[in-house]
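[1] I need the structure of the sequence given here:
(chains A and B)
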Amino acid sequence: MARYLIVRLGQALVIVVLVTIITFVILHLLPGGAARATLGKEATLEQLAAFDHEMGYDRPWIQQYVMYVRRLLHGDLGYSFQLNQSVTEAIGQRLPKTMALSLLSTLLAVVAAVPLGVVQATRRNRWPDYTITSLSLLAYATPIFFLGLMMIILFSQVWPILPPEAPQGFTLGEVLADPAGLVLPTVTLAVVTVAVYSRYVRSSMVDNLNENYVRTARSKGLSERRVVVLHTLRNGLFPVITLLGMYLPALFSGALVVESLFNFPGMGQLFWQAALKRDFPILLGVTLIISVATVLGALLADILYAAVDPRVRLRGSAS
Amino acid sequence: MTTPAETTGMSEGTSPGPGDADDTPVRGLWRQGVEVFCENRLALVGLAMFVLLAAVCFLGPLFYHTDQVHTDLAAVHLPPGTDGHPLGTDGVGYDQLGRLMLGGQTSIIVGLAAGILATVVGTVWGAVAGFAGGWVDAAMMRLVDAMMSIPSLFLFMLLAAIVTPSVSMLILIIGAFAWLGPARLVRGEALSLRSREYIQAMRSMGGTGGRAVRRHIIPNAIGTVIVNATFQVADAILYVAYLSFLGLGVPPPAANWGGMLSDGLADTFSGHWWLLYPPGIAIILIVLAFNFIGDGLRDAFEVRLRRR
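    A predicted model of the protein is given here:
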């Protein structure tokens, strides 16, 4: 286990370093250079030169990158002159809210997808399977913002029981204090996730139901219910843990759209507004942080998977 | 009596050259694959949906002429059925049906081009990494891992904020970052195929690496690649829609379904339903079509592999 952990941690570290190289390269591809992109159109040449000197952008590339990483390690992601706020502070205010939204909708998605996938696998190629498959394909094919709008029309206009806008609190506590406002964004983000997860649970359960140990359990005379719930479900659900990690980039992309639609005060909305104003320090900072969050999430999922399924950590340390 | 022509025809059929002997079972498998694809009713429905939507978008404007360049502020928000406008007009007076055709052209072109670009780049990248193995493979795949951990919509928006989006830019932006999935797939296939006994046997008989790639690796991996390409197209169409919703799509007078749908959002509560539902349904239909086709192709290729 320890060996597996070290190898996996090393991989994650390499990926994070590569991500910082990618953001560093993009920083230098910005129109007019990093200084112009940070200081804006009105900055004079002297100001640009002073900024370049201060940030070390007039030095060789390698030194620039080292300085860039050193600033990152000190928690300095740059300064947004448009928000008149440091990027770290802006992200720090919004990151917990986006994490809460993602976590809530993932929980909801898992709770919904597992029974759906099990029903599909046990009634394979019969009408419950076909119905759920069609619905998840439909959910997958619908642009998230269109789906969210349908939700707003349905639950705020036709049948007004929920507010159409996300809670507008400044802190995470204030946002969570308004659960009614959280329902529509969370459910919208969860619907597409359910479509992906239930498909995965279905195929994993189908694979396991064809295994020898299931045949043994059946031939012992166990009821089908016991076979599915006590024997197959546990093994069938392990791969879902990996999926939680693998699905994170898509989840965050979805959160970006959902936050913009429902005006949810999270990282996605911050990023969206920064993109419209071409506020590059914020754009690069958010991209970096959301990527690190993705890497950490995938790492966590893998460790969890190894913790519950001994086959994984044995395979991991053998290779 | 036998004419010379018949004789040649006979000899071609009965005594095939060495090259034909190899090709015959492949052609048979292709036919089997097509049969399985056609047996899959959803796949046929998907294909029909795509052909129909593409025909309406690309051939429709030949018969249904509308002005999609000049705005007409005297004819804004006309409801469907107003004379000359079967689907009404939008907020600046464009005919909605004509605009759907124009927008569909962009959506389909960007989707297909970005999907194909991503598939080609990904296939080459994955095949090279898988064949090379060792540290080359490790370096190439770690880069894929790193890029994959940046959520794609964030990356697309960052790039769309840097360059001014046009149709070709959108294709490049989406295609240049959607290749990661195919790269991983092909690399996995190449790794597992490289060590198969029949390929090692062929190479021990003096077959070249190029022959292994042409005769064995590509025919084996192509199924996975093509199936994945159809899903790539569906995803690319959705990404264009998201970029438009987030305000970084192609600027007017160009149009795409995603942009029309996002414009329609503003009209949700003013009763102009014809600006909202037609583009929304169009996107759902085209994405569904490509998913159905992909599922059908997967079945077709699986049958080919099973009977091999």
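
[2] which bits of chain B sit near chain A?
    Chain B comes close to chain A at residues B:142-143, B:145-155, B:157-158, B:160-162, B:234, B:238, B:241-242, B:245-248, B:258, B:261-262, B:265, B:268-269, B:276, B:280, B:283-284, B:287-288, B:291, as judged by CB under 8 Å from any CB of the partner chain. In short, each C-beta sits where N, CA and C put it, glycine included.

[3] let me see the ranges of the helices in the stretch 51-200 of chain B.
    Along the stretch 51-200 of chain B, the stretches classed as helices by DSSP state H, counting those that start in this stretch are B:96-132, B:134-148, B:152-162, B:167-177, B:180-194, B:197-204.

[4] in the fourth one, what's buried?
    Same thing as helix B:167-177. B:V167, B:L170, B:I171, B:L172, B:I173, B:I174, B:G175, B:A176, B:F177 (16 or more other CB atoms under 10 Å in any protein chain shown).

[5] now swap in the last one and tell me
    By neighbour count with 16+ other CB under 10 Å, helix B:197-204 contains the buried residues B:I199, B:M202.

[6] ok so, going back, got JSON lines for the helices of the stretch 51-200 of chain B, with mean pLDDT too?
    Formatted as JSON lines, the helices of the stretch 51-200 of chain B follow (pLDDT from 0 to 100):
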{"stretch": "helix B:96-132", "mean pLDDT": "86"}
{"stretch": "helix B:134-148", "mean pLDDT": "87"}
{"stretch": "helix B:152-162", "mean pLDDT": "86"}
{"stretch": "helix B:167-177", "mean pLDDT": "86"}
{"stretch": "helix B:180-194", "mean pLDDT": "83"}
{"stretch": "helix B:197-204", "mean pLDDT": "79"}
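
[7] a markdown table for the ones you listed, including distance to B:C38?
    Below are the helices of the stretch 51-200 of chain B laid out as a markdown table (distance: least, CB to CB, whole Å):
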| stretch | distance to B:C38 |
| --- | --- |
| helix B:96-132 | 22 |
| helix B:134-148 | 36 |
| helix B:152-162 | 34 |
| helix B:167-177 | 30 |
| helix B:180-194 | 26 |
| helix B:197-204 | 30 |
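
[8] for the ones you listed, which one sits closest to B:V34?
    Ranking the helices of the stretch 51-200 of chain B by proximity to B:V34 (CB to CB) places helix B:96-132 first, at 20.8 Å.

[9] could you tell me the angle between the closest one and helix B:167-177?
    Angle of helix B:96-132 versus helix B:167-177, following axes from the mean of the first three to the mean of the last three CA atoms, to 10 degrees, is 30 degrees.

[10] helices and strands around helix B:96-132, which ones?
    helix B:41-63, helix B:134-148, helix B:167-177, helix B:180-194, helix B:218-245, helix B:257-265, helix B:277-307 (3 or more CB pairs under 8 Å, 6 or more residues apart in numbering or on different chains; DSSP states H and E).

[11] give the rounded mean pLDDT of the shortest one.
    Rounded to a whole number, the mean pLDDT of helix B:257-265 is 83.

[12] could you do the longest one as well?
    Model confidence over helix B:277-307 averages 81 on the pLDDT scale.

[13] what's the angle between that helix and helix B:96-132?
    30 degrees.

[14] again, but for the shortest one
    Relative orientation of helix B:257-265 versus helix B:96-132 (the same axes, to 10 degrees): 130 degrees.

[15] for the fifth one, same thing?
    For helix B:218-245 against helix B:96-132, the angle by the same axes, to 10 degrees is 140 degrees.

[16] name the helices or strands packed onto helix B:218-245?
    The contact analysis (3+ CB pairs under 8 Å, 6+ apart) places helix B:218-245 against helix A:144-152, helix A:248-262, helix B:96-132, helix B:152-162, helix B:167-177, helix B:180-194, helix B:257-265, helix B:277-307.

[17] mind putting these in TSV, distance to A:A90 included?
    What follows is those, written out as TSV (distance: least, CB to CB, whole Å):
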stretch	distance to A:A90
helix A:144-152	24
helix A:248-262	14
helix B:96-132	32
helix B:152-162	15
helix B:167-177	25
helix B:180-194	29
helix B:257-265	26
helix B:277-307	33
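
[18] and the residue nearest the centre of chain B, what does it touch?
    Centroid check for chain B by CA atoms, centre = their mean gives B:V233 as the closest residue, at 3.1 Å. Counting by CB atoms under 8 Å, 6 or more residues apart in numbering or on different chains, B:V233 makes contact with B:G111, B:L112, B:A114, B:G115, B:I116, B:F290.

[19] could you report the neighbour count for the closest residue to it other than its chain neighbours?
    Leaving aside its chain neighbours, B:V233 sits nearest to B:G115 (3.5 Å; criterion: CB to CB, 6 or more residues apart in numbering or on different chains). A count of neighbours around B:G115, defined by other CB atoms under 10 Å in any protein chain shown, yields 26.

[20] again with B:D67
    Residues near B:D67, counting by other CB under 10 Å: 12.

[21] and it, what is it in contact with?
    B:Y94, B:D95, B:G98.

[22] just checking, B:N256 touches B:R99?
    No. Using CB atoms under 8 Å, B:N256 makes no contact with B:R99, being 10.1 Å away.

[23] please identify which of those two sits among more neighbours.
    Neighbour count, other CB under 10 Å: between B:N256 and B:R99, B:N256 has more, with 29 against 24.

[24] of the helices and strands packed on helix B:218-245, which is nearest A:V119?
    Across the helices and strands packed on helix B:218-245, A:V119 has its closest neighbour in helix B:277-307 (20.1 Å, CB to CB).

[25] what helices or strands is the closest one leaning on?
    Against helix B:277-307 (3+ CB pairs under 8 Å, 6+ apart) you get helix A:127-141, helix A:144-152, helix B:18-39, helix B:41-63, helix B:96-132, helix B:218-245, helix B:257-265.

[26] which parts of it are buried?
    By 16+ other CB under 10 Å, the buried positions in helix B:277-307 come out as B:278-280, B:282-301, B:303-304.

[27] also stretch A:147-166?
    In stretch A:147-166, counting by 16+ other CB under 10 Å, buried: A:L147, A:G148, A:L149, A:M150, A:M151, A:I152, A:F155, A:S156, A:L162, A:P163, A:P164, A:A166.

[28] among those residues, which are in reach of chain B?
    Within the buried residues of stretch A:147-166, those near chain B by CB under 8 Å from any CB are A:L149, A:I152.

[29] which pair of the buried residues of stretch A:147-166 spans the longest distance?
    The largest separation in these, counting by CB to CB, is between A:L147 and A:P163 at 17.5 Å.

[30] residues of stretch A:53-68 that come out buried?
    Buried-residue list, stretch A:53-68, by 16+ other CB under 10 Å: A:M55, A:G56, A:Y57, A:Q64, A:Y65, A:Y68.

[31] quick one: which of those residues sit in helices?
    Judged by DSSP state H, the subset of the buried residues of stretch A:53-68 located in helices is A:M55, A:Q64, A:Y65, A:Y68.

[32] can you name the residues that contact residue 159?
    This is for chain A. By CB under 8 Å, 6+ apart, no residues touch A:W159.

[33] nope, chain B please
    Taking CB under 8 Å, 6+ apart, we find B:L159 in contact with B:I173.

[34] tell me the spacing between it and A:I289.
    Using CB to CB, to the nearest Å, one gets 18 Å for the distance from B:L159 to A:I289.

[35] and B:A75, by the same measure?
    Distance, B:A75 to A:I289, using CB to CB: 48 Å.

[36] repeat that for B:T71.
    Here B:T71 is placed at a distance of 42 Å from A:I289 (CB to CB).

[37] okay, these two: which has more neighbours?
    Higher neighbour count among B:T71 and A:I289: A:I289, with 19 against 16, using other CB under 10 Å.
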